[in-house]
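# Quick check, what structure comes out for this input:
(chains A and B)
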There are 2 protein chains.
Amino acid sequence: MASSAGPEIERLIALLAKLPGLGPRSARRATLTLLKRRDQLLQPLSEALAEAAARVRTCTVCGALDTTDPCAICADRTRDPTLLCVVEEVGALWAMERAGAFRGRYHVLGGLLSALDGVGPESLRIGPLVSRAGSEAIVEVVLALPATVDGQTTAHYLADRLAGAGVRVTSLARGVPVGGELDWLDDGTIAQAMRARRPA
Amino acid sequence: MASSAGPEIERLIALLAKLPGLGPRSARRATLTLLKRRDQLLQPLSEALAEAAARVRTCTVCGALDTTDPCAICADRTRDPTLLCVVEEVGALWAMERAGAFRGRYHVLGGLLSALDGVGPESLRIGPLVSRAGSEAIVEVVLALPATVDGQTTAHYLADRLAGAGVRVTSLARGVPVGGELDWLDDGTIAQAMRARRPA
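Predicted structure coming up:
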C-alpha cells in the first residue's frame, strides 16, 4: 500500500506499525502527526529513542531495564533486602512499582512456563532466582505471577524449586478487584473470593 | 506515574503517549516492545525518525510531504496537468493515491473552514489554490473534502472563490459505499444515494 510519499515516510510507517496497539492505518496517522509536529514531537522522539538504544540495559541482578547495572531498585539501599518479588516481565515490575505496595527487590523471570509454546525452565531466569534465594538475605519470595494457567503452573514449579532454599514462598491474594461489581465478575474470581473470605 | 525505570524510559513513554492511537498504557507497552527488540525495532525506528526529521519537507506547490520540493507528484510529468484535486490534509492525499482513481495533481488546504474553531479562509492555503487554478493548465478542480458540515462549508466557499478562474469545479460523488448494507447506512447517505440515482 503506497502512500506516494517517498520511501523514507513509508519506512517510518512500516516501523511504527510494528508497535503493539498500532496497525497500518494508525501508524500512518501517527506518522502524519509526527511530521506535522516536527520540533515538539518528531525530533524529541528520535533523540529519546537513540538515547534509549544507547543507554538502557538489562540489570544483571534482577532482569529489569535501566540505564545503570545494577538497576536503581537493586542499588537502592533503603529497600527491604529480605523481600523478593518474582514477576513475569518488566511491565509487571513497573505495575507493581506504580501500585507502591512493595518495598523489596524484584526478580524478572522473562516469561512463564508453557508446554504449548515450548517454554521450559531452562528458558527462564529460574536458576538465578534459586541461587539468589539461597545466597542473599532473602526471607520471603512473593510470586506475583498472572492468574492464568501458565502463571499458576509456573508458580507451582517455582514453589517446588524454592522449597529447599529456606525462604517463605507466598503469592498475591485472589479476590474481588477494587471497583469490582459482582454482576460483572467471572465465576472463578467470585468462587476464589468466597473461599478466601476473611473477617469484615 | 513513575515506572521506576529511569528518566530516559519515562521520557520515551511520555513522547510515545502523544501519538494518536496511543495512551499512557499502550505507550508503556510499546516502549517495552521497543526495548526488547532493540536491533529489529528500536534502532531502525530511531534512524527512520532522524532521517524523516532531516529530509522530509512540505512541497511549496501543493503542500504534500516529501523529501523533494516540488514533491514527486508535482514533478511527475506523466500526471494529467489539467486536473487538480483539493484535499483537507496530507492523509487524505495518501488515501486518494492508495485508491489509485486519480491521475492529476493535488492541492492540500491544511484544514477546513470552521466558525467554531475560528478557522477562517486566511488560515488555509486558499489564495495559492485560486492562483494555481488561474495560472496553470488546470481545466477541472475536484473538491475531495469530507462529507461533514465543515467540509461542505469549505467546499461551497471554494466553489465561490473559484467561480471566476475559468475552471470546472466538481465534488466526489455521494452514495452507498462499497460493501454498504442499507440496513446499516445512515438515513442521510441513503437519501443522497436515492437523489443521485442513475441508470442500472
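
# What segments of chain A are helices?
For chain A, applying DSSP state H gives helices covering A:6-16, A:24-36, A:43-55, A:72-75, A:90-99, A:126-135, A:149-161, A:187-195.

# Now these in JSON lines, please, with extra columns for mean pLDDT and mean neighbour count.
Heads up, the C-betas are built off the backbone N, CA and C, glycines and all. What follows is those, written out as JSON lines (pLDDT from 0 to 100; neighbours: other C-beta atoms under 10 Å in any protein chain shown):
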{"stretch": "helix A:6-16", "mean pLDDT": "91", "mean neighbour count": "20"}
{"stretch": "helix A:24-36", "mean pLDDT": "92", "mean neighbour count": "20"}
{"stretch": "helix A:43-55", "mean pLDDT": "93", "mean neighbour count": "19"}
{"stretch": "helix A:72-75", "mean pLDDT": "94", "mean neighbour count": "17"}
{"stretch": "helix A:90-99", "mean pLDDT": "89", "mean neighbour count": "18"}
{"stretch": "helix A:126-135", "mean pLDDT": "93", "mean neighbour count": "16"}
{"stretch": "helix A:149-161", "mean pLDDT": "94", "mean neighbour count": "17"}
{"stretch": "helix A:187-195", "mean pLDDT": "82", "mean neighbour count": "13"}
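
# Compile the ones you listed into CSV and extend it with columns for distance to A:Val178.
Output for the helices of chain A, formatted as CSV (distance: least, C-beta to C-beta, whole Å):
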stretch, distance to A:Val178
helix A:6-16, 34
helix A:24-36, 31
helix A:43-55, 33
helix A:72-75, 25
helix A:90-99, 11
helix A:126-135, 30
helix A:149-161, 20
helix A:187-195, 13
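
# Adding distance to chain B, write these out as CSV.
Below are the helices of chain A laid out as CSV (distance: least, C-beta to the nearest C-beta, whole Å):
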stretch, distance to chain B
helix A:6-16, 5
helix A:24-36, 4
helix A:43-55, 4
helix A:72-75, 6
helix A:90-99, 4
helix A:126-135, 19
helix A:149-161, 18
helix A:187-195, 22
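
# Specify the stretch among these that is closest to B:Ala99.
helix A:24-36 (14.2 Å; C-beta to C-beta).

# For that closest one, C-alpha coordinates in PDB please.
Extracted C-alpha coordinates of helix A:24-36, given in PDB (Å, rounded to 0.1, in the frame of the first residue of the first chain):
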ATOM      1  CA  PRO A  24      -1.000   0.200   9.400                       C
ATOM      2  CA  ARG A  25      -3.800   2.800   9.500                       C
ATOM      3  CA  SER A  26      -3.000   4.300  12.900                       C
ATOM      4  CA  ALA A  27       0.800   4.100  12.000                       C
ATOM      5  CA  ARG A  28       0.000   6.400   9.100                       C
ATOM      6  CA  ARG A  29      -1.900   8.800  11.300                       C
ATOM      7  CA  ALA A  30       0.900   8.700  13.900                       C
ATOM      8  CA  THR A  31       3.400   9.500  11.100                       C
ATOM      9  CA  LEU A  32       1.400  12.500   9.900                       C
ATOM     10  CA  THR A  33       1.200  13.800  13.500                       C
ATOM     11  CA  LEU A  34       5.000  13.300  13.800                       C
ATOM     12  CA  LEU A  35       5.700  15.200  10.600                       C
ATOM     13  CA  LYS A  36       3.300  18.000  11.500                       C
END
